[in-house]
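S.K.: 3D model of this:
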Amino acid sequence: MNRQRWIVHADMDAFFAAVEQRDNPTLRGRPVVVGADPKGGLGRGVVAAASYEARAFGIHSAMPISRAYRLCPRAVFLQGNMDKYERESERILAILERFTPDVEPLSIDEAFLDITRSHQLFGTPEDTGRKIKAAIKSETDLTASLGLAPNKFTAKIASEIGKPDGFVVVTPERLLEFLHPLPVGRLWGVGPVTQREFQKAGIRLIGDLARRPLAEIVKVFGASGEQAWQLAQGYDPREVESAAAAKSIGAEHTFEEDTSDHNLLLDTLASLSDRTSRRLRKSRLAGRTITLKIRFEDFSTHTRAASLPQATNLAEVIYRTASRRLQEFTLQGVKVRLLGVSVSGFGHPTGQLGLFGEAPLSEEKKEQLQSAVDRIKDKFGERAIRRRKGLPDKEDI
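M.R.: Model (predicted):
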């Protein structure tokens, strides 16, 4: 008999802004905007994150910083500290891994957990979810919103509905009762264009789609319509893929608002490359194939992959390769919804000759060196070790 699956989606609340408010009590209860310098309303960057107090003024991530300033000039504008946010993300991931080995990080502030096999150690599935929330709060003084459901996409919707600091439980008996009253745009893969097409066909709610014959949906909307129809039935068989079980290791980031800011795209790509690099090293893996994933505002999704002559787990190699793939897309006049980076084709890093032809480091020595670098960054932040200008492949401590 198949065991009932229990999937948790954990999503930190206004993560960057919440970290700043925690570390500076004078910011608590005030609108905080993390992003570019607004320059008195003349800044050209974008918002990276906004506290819930700032969101009350209509401010959201990926919004032009100049517009955010006009909406709330009295907000506290901070340029942020990615080193600090990365460290907090690692702490939170370590907490999640205490509850199950089946953890799939999605971005710096969210992850899926499969607690099907582990929840008995903590009580019921709902007990486990509450203990996860409590552990995050007590150990980081930050809040997370959780969704608990029989599958991944329902768990994610549940966590979104419960924000902030919520915990929404969807039992198998209530699955369709929960899903069917929601707008059809809540379904994965149903963007604004597809949603309008559904509405033209009289399909506004998930339940409207679920009640249509599958053959009718496939005839009009093709394979994407079939996928949406399956989700509308509450069917999502995808597994939570931990690093140990995955065929690839990577990271993705979905912008709250679609963006065309090239600097933001590159900054995001650098952050994704670094997170991917560290996950590879923690799993003692390296890969030869680096894949860039990009999703545009119309929800069209594309990938570009490159195979390297040798396996790598180095952030600068991943970033350099992924950024070159990004250049293959015409980004002028279009907006990006999601970026992702992944590494596959696992193997062991191949030794390279040193600058003056000396013998390469052994695999054991390289692993020790990389682990030491990670420990220094974990303790002192990313800026403790920097790339020396002009020598992009060397570390400078």
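
S.K.: going forward, measure contacts and count neighbours with C-alpha atoms only.
M.R.: Will do.

S.K.: ok, now which ones touch Gly35?
M.R.: Applying C-alpha atoms under 8 Å, 6 or more residues apart in numbering to Gly35 gives the contacts Gly45, Val46, Val47, Ala48, Ala49, Ile65, Phe77, Leu78, Gln79, Gly80.

S.K.: nearest to Tyr235 among those?
M.R.: Tyr235 lies nearest to Ala49 out of those, by C-alpha to C-alpha, at 32.7 Å.

S.K.: about what we covered before: which ones among the contacts of Gly35 lie within helices?
M.R.: Among the contacts of Gly35, the members falling in helices are Ile65 (criterion: DSSP state H).

S.K.: ok, so of the contacts of Gly35, who is nearest Arg288?
M.R.: Nearest to Arg288 among the contacts of Gly35, with distances taken as C-alpha to C-alpha, is Ala48, at 31.5 Å.

S.K.: highest neighbour count among the contacts of Gly35?
M.R.: Counting neighbours by other C-alpha atoms under 10 Å, Ile65 leads the contacts of Gly35 with 29 neighbours.

S.K.: quick check: Ala14 vs Ile115, distance?
M.R.: As for Ala14, its distance to Ile115 is 25 Å (criterion: C-alpha to C-alpha, to the nearest Å).

S.K.: the more surrounded of the two?
M.R.: Ile115 (24 against 21).

S.K.: confirm that Thr26 sits in a helix.
M.R.: Yes. Thr26: assigned to a helix according to DSSP: H, G, I helix; E, B strand; the rest coil.

S.K.: please work out how many residues are found near it.
M.R.: Neighbours of Thr26 using other C-alpha under 10 Å come to 10.

S.K.: from Ala18, how far off is it?
M.R.: For Thr26 relative to Ala18 (C-alpha to C-alpha), the value is 12 Å.

S.K.: same deal with Asp109?
M.R.: 11 Å.

S.K.: could you do Leu187 as well?
M.R.: Relative to Ala18, and taking C-alpha to C-alpha, Leu187 is found at 28 Å.

S.K.: now swap in Arg196 and tell me
M.R.: With C-alpha to C-alpha as the criterion, Arg196 and Ala18 are 35 Å apart.

S.K.: among the two, which residue is more densely surrounded?
M.R.: Ala18 (22 against 16).

S.K.: got the buried residues for the strand or helix carrying that one?
M.R.: Per DSSP states H and E: Ala18 is located in helix 15-23. Buried residues in helix 15-23, counting neighbours by 16 or more other C-alpha atoms under 10 Å, are found at Phe15, Phe16, Ala17, Ala18, Val19, Glu20, Gln21.
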